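>>> here's my sequence, what's the structure:
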Amino acid sequence: MAPFQDLPVDVLPSILAQLTDRKDWHSCTLVSKVFSRLATPFLYRTLDSRIISKTLVHHPSTTLLRRPELAKYVRHVTETGAIHRGMLVRYPNITKDTLAALALCTNLRSITWIDDSSTSHTTLLLFIGVVRALPVRELTIRTHSDLGEIVWSQLITLTGLRKVSIWCMEGPPRVLQGWSGPLGSTLTHLELGRCAGVPPTILITVLSQLPLLKDLRLKGAPATSIPTILTFLPNLESLDTEYLLSGSGSYYSRPRVYPPSPLDEDDAREPPLPIIHRLTVRTSSMDNLGPQKLWRWIRELVPRAGLEMFRLHAFTFNMGYTGIPRMFILDLAAVHGDSLKEFIVGEAHLTLKDIECLCSKFPRLETLNCSLASPDVASIIDAISSARNLQTLKLQVQWIPNEPSQRQEGRFTLQDATDMMLRNEESKLRTISIGHVQYTGKWVLEESDEAENGYSLKFVVSADLAEERWKT
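This next block holds a predicted model:
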């Protein structure tokens, strides 16, 4: 084995790019001059003013003003209103210095502004003035209070953006009124965090001016307007939207006919919906059966083959569960059986037969996340037996006791995870989450006196707490 010193310098950036913790990059800068030169761009690529210690707030602007040559590495910046207000007494020039440092970041690509207060956004207005002169392509704003007409009038003058994310919890909903036109030639990613109360006609008019959109997330948009909106977005690949029971009761779902490809214009009766690759639906239900019209509505959003990921966030309010009809699975498979790779429904309930159906109807399935009831581990192994490409399995399992006195906890062990991952030679399953425990398996090369070359492969499974972060 070659010594580490002989490692070509050209491959180090690719290795350092795999790190995600700033502490690791900082440690790399202390190794040598070569490592410092290669790790420094990663260390300053993303700057976040929310990073604080237990005693002091170290704003990144102080470093950039002291060493302006580092500003060329900055690509992403996150600023918060709380930091600028909270440090005024100790650091009265914080906003002035931050703006000066930001102006040095001539390669800046994205900026995020977060403010959970109810105060005015005069500081944000100053940032907009600086950002206007920088090559920013992505803008995210998350605030508690309304931006106000003055700030909004300046925001809508920014052009050339490829991604915009607006989340304002108070004031009138901001859905790019007056801004969608100038952004129509560049915008590909859009998040509107508050569409509730916006008339469907306005929402449709605004989004119809953004034909280049590839990724769209809408919160609070009427379910009735989504199919119409999609007809104006031929390039859309990812959709994250809601199905609200209160606003969807009158949803009229008539059969729609779409041509198999845009070339068959003579057969088109109405504009075809785009080929959605990733679909996320968020909904709530007041009963165990869920919104009765939800499943047909979902199918109407993806009538054309190509769906690769389906995610459902469903909630109930009576301690029950949201069940997914078998017919929905079969109808989805009839169109997307050859493309679907991820079926993520979280707390939604599937039976063992449903899982068996999923694994057989979607041969390319790689990720399955759901809730189910099972008497034992063997039944789960049987249900996924046909899933040859399954790599990740996340289950919330309600164990059905064979006897009234049998405990339901601790029914899944490390050995069970190993047996499931190695259930056959073709198995690709390497990550299993059962409840709060995640099992990860991998092949490890170990020294062995019995092997001819001194090494042997051993399959090792480790257990750890599963990540419990709410994925928004």
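
>>> tell me the mean pLDDT for stretch 172-186?
Mean pLDDT, stretch 172-186: 93.

>>> pretty sure residue 355 contacts residue 368?
Yes - with contact defined as CB atoms under 8 Å, residue 355 and residue 368 form a contacting pair (7.2 Å). Quick note: C-beta positions are derived from backbone N, CA and C, even for glycine.

>>> shared neighbours of those two, anything?
residue 384 (CB atoms under 8 Å, 6 or more residues apart in numbering).

>>> list the contacts for the spatially closest residue to residue 159 that is not a sequence neighbour?
Once flanking residues are discounted, residue 159 sits nearest to residue 182: 5.0 Å by CB to CB, 6 or more residues apart in numbering. Going by CB under 8 Å, 6+ apart, residue 182 touches 156-157, 159.

>>> again, 10 Å this time
If a contact means CB atoms under 10 Å, 6 or more residues apart in numbering, then residue 182 has 156-161, 176, 209 as its contacts.

>>> from these, which land in strands?
Nothing among the contacts of residue 182 maps onto strands, per DSSP state E.

>>> then stretch 18-27 to CSV, C-alphas only?
Output of stretch 18-27 as CSV, limited to C-alpha atoms (Å, rounded to 0.1, in the frame of the first residue of the first chain):
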residue,chain,number,x,y,z
GLN,A,18,-16.9,14.6,0.7
LEU,A,19,-16.6,16.2,4.1
THR,A,20,-19.6,18.1,5.5
ASP,A,21,-18.4,19.5,8.9
ARG,A,22,-16.6,22.8,9.0
LYS,A,23,-14.5,21.5,11.9
ASP,A,24,-13.1,18.8,9.6
TRP,A,25,-12.2,21.3,6.9
HIS,A,26,-10.6,23.5,9.6
SER,A,27,-8.5,20.6,10.8
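
>>> got a list of contacts for that stretch?
16, 28, 35, 38-48, 51.

>>> of those residues, closest to residue 80?
Proximity of the contacts of stretch 18-27 to residue 80 (CB to CB) peaks at residue 48, which lies at 8.7 Å.

>>> contacts only, for the nearest residue to the closest one once chain neighbours are set aside.
In space, residue 48 comes closest to residue 78 once its chain neighbours are excluded; the distance is 4.3 Å by CB to CB, 6+ apart. Going by CB under 10 Å, 6+ apart, residue 78 touches 46-51, 60, 110-114, 140.

>>> narrow those residues to those in helices?
Residues of the contacts of residue 78 located in helices (DSSP state H): residue 60.

>>> so which of the contacts of residue 78 are in strands?
Counting by DSSP E, these contribute 46-48, 110-114, 140 to strands.

>>> against residue 110, how distant is residue 198?
26 Å (CB to CB, to the nearest Å).

>>> the two: which is more packed in?
Taking other CB atoms under 10 Å, residue 198 and residue 110 do not tie; residue 198 has more neighbours (21 against 18).

>>> how close does that one get to residue 438?
Counting by CB to CB, the gap from residue 198 to residue 438 is 40 Å.

>>> from residue 393, how far off is residue 466?
Distance from residue 466 to residue 393, by CB to CB: 12 Å.

>>> which neighbours do these two have in common?
Each of 431-434, 439 lies in contact with both residue 466 and residue 393 under the rule CB under 10 Å, 6+ apart.

>>> out of those, which is nearest to residue 298?
For these, the nearest to residue 298 is residue 433 (24.8 Å; CB to CB).

>>> what about the ones in strands among the contacts of residue 78, which one has the most neighbours?
Busiest of the ones in strands among the contacts of residue 78 [other CB under 10 Å] is residue 47, holding 26 neighbours.

>>> nearest residue to that one in space, please, no chain neighbours.
Closest to residue 47 by CB to CB, 6+ apart is residue 60, at 4.1 Å.

>>> residue contacts, that neighbour?
Here residue 60 is in contact with 44, 46-49, 51, 70-71, 74, 77-79, 98, 101-102 (CB under 10 Å, 6+ apart).

>>> ok, so of those, who is nearest residue 323?
residue 78 (40.4 Å).

>>> I'd like to know which helix or strand in the protein has the lowest mean pLDDT.
When each helix and strand of the chain is scored by mean pLDDT, DSSP states H and E, helix 81-86 comes last, with a mean of 81.

>>> can I get that helix in PDB? Just the C-alpha atoms.
Extracted in PDB, the C-alpha atoms of helix 81-86 (Å, rounded to 0.1, in the frame of the first residue of the first chain):
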ATOM      1  CA  GLY A  81     -32.200  39.500  11.600                       C
ATOM      2  CA  ALA A  82     -31.800  38.300  15.200                       C
ATOM      3  CA  ILE A  83     -28.000  38.500  15.000                       C
ATOM      4  CA  HIS A  84     -28.000  42.000  13.700                       C
ATOM      5  CA  ARG A  85     -30.400  43.200  16.400                       C
ATOM      6  CA  GLY A  86     -28.900  41.200  19.200                       C
END
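
>>> what's the angle from whichever helix or strand comes after that helix to strand 110-115?
Downstream of helix 81-86, the next assigned helix or strand under DSSP states H and E is helix 94-103. Interaxial angle, helix 94-103 versus strand 110-115 (axes from the mean of the first three to the mean of the last three CA atoms, to 10 degrees): 170 degrees.

>>> which other residues reach helix 94-103?
47, 49, 57, 59-66, 68, 70-71, 74, 77, 79, 83-88, 91, 93, 108, 111, 122-123, 126-127, 129-131, 133-134.

>>> can you flag the buried ones in those residues?
47, 49, 57, 59-61, 64, 70-71, 74, 77, 79, 83-84, 87, 91, 108, 111, 123, 126-127, 130-131, 134 (16 or more other CB atoms under 10 Å).

>>> rewinding a little: can I get the shared contacts of residue 466 and residue 393 in JSON lines with pLDDT, distance to residue 454 and neighbour count?
JSON lines is the format used below for the shared contacts of residue 466 and residue 393 (pLDDT from 0 to 100; distance: CB to CB, whole Å; neighbours: other CB atoms under 10 Å):
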{"residue": "431", "pLDDT": "97", "distance to residue 454": "30", "neighbour count": "18"}
{"residue": "432", "pLDDT": "96", "distance to residue 454": "32", "neighbour count": "25"}
{"residue": "433", "pLDDT": "95", "distance to residue 454": "36", "neighbour count": "20"}
{"residue": "434", "pLDDT": "94", "distance to residue 454": "37", "neighbour count": "23"}
{"residue": "439", "pLDDT": "96", "distance to residue 454": "29", "neighbour count": "24"}
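
>>> thank you, goodbye.
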